[in-house]
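Student: Next come a sequence and a model predicted from it.
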Amino acid sequence: MDSLKNKKCKPCELGVGKLSPADVEAFMSHVPKWVVKDNHEISRRFKFKNFAEALAFVNKIGALAESENHHPTIKFGWGFADITTFTHAADGLSENDFILATKIDRIF
């Protein structure tokens, strides 16, 4: 499996195939701090010292999401940011989700 940090998210068409449970398990080794839910999405909570740090992190993720054209759900507040990603076109997880998660981890 190529290093995910060096890959770019690929444009998805409606009906793109989602990853099998075995593929999800293999990709999870790249993002061990993330949690997979129902083989449909992955998420991670990031903790910060204050609101300003959480906001700065979220802004960096926003820029990354735009550059990758793959957009996670972001919830944040004082001292935390919750990031969840899945591929809408696949109605589940695709390689793009793991590429994005790997790059988010590198920002943190």
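Tutor: Nice, I can see it.
Student: Which parts of this protein are strands?
Tutor: With DSSP state E as the criterion, the chain has strands at 35-37, 41-47, 73-77, 80-85.
Student: export the ones you listed to CSV and tack on mean neighbour count and distance to L100?
Tutor: Heads up, the C-betas are built off the backbone N, CA and C, glycines and all. As requested, the strands of the chain are exported to CSV (neighbours: other Cβ atoms under 10 Å; distance: least, Cβ to Cβ, whole Å):
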stretch, mean neighbour count, distance to L100
strand 35-37, 14, 14
strand 41-47, 17, 9
strand 73-77, 14, 12
strand 80-85, 19, 6
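Student: Between the ones you listed, which one is closest to D23.
Tutor: When the strands of the chain are compared by Cβ to Cβ, strand 35-37 sits nearest D23, at 11.3 Å.
Student: So what are the sheet partners of the closest one and their directions?
Tutor: strand 41-47 (antiparallel) (DSSP bridges).
Student: and the partner strand, average pLDDT?
Tutor: In this model, strand 41-47 has a mean pLDDT of 99.
Student: same question, stretch 51-63
Tutor: 99.
Student: which ones are touching the closest residue to F51 other than its chain neighbours?
Tutor: Once flanking residues are discounted, F51 sits nearest to W78: 4.6 Å by Cβ to Cβ, 6 or more residues apart in numbering. W78 makes contact with 50-51, 54, according to Cβ atoms under 8 Å, 6 or more residues apart in numbering.
Student: try N96
Tutor: 9-10, 12, 68, 70, 87.
Student: still on that earlier bit, please tell me how far the residue nearest to F51 sits from D38.
Tutor: As for W78, its distance to D38 is 29 Å (criterion: Cβ to Cβ, to the nearest Å).
Student: Just the buried positions in the longest helix anywhere in the chain, please.
Tutor: Among the segments of the chain that qualify as a helix by DSSP state H, the longest is helix 51-68. Buried residues in helix 51-68, counted by 16 or more other Cβ atoms under 10 Å: 53-54, 57-58, 61, 64-65, 68.
Student: Between which two of those is the distance greatest?
Tutor: E53 and E68 (22.6 Å).
Student: Nearest residue to L4 in space, ignoring adjacent ones along the chain?
Tutor: Closest to L4 by Cβ to Cβ, 6+ apart is T102, at 4.1 Å.
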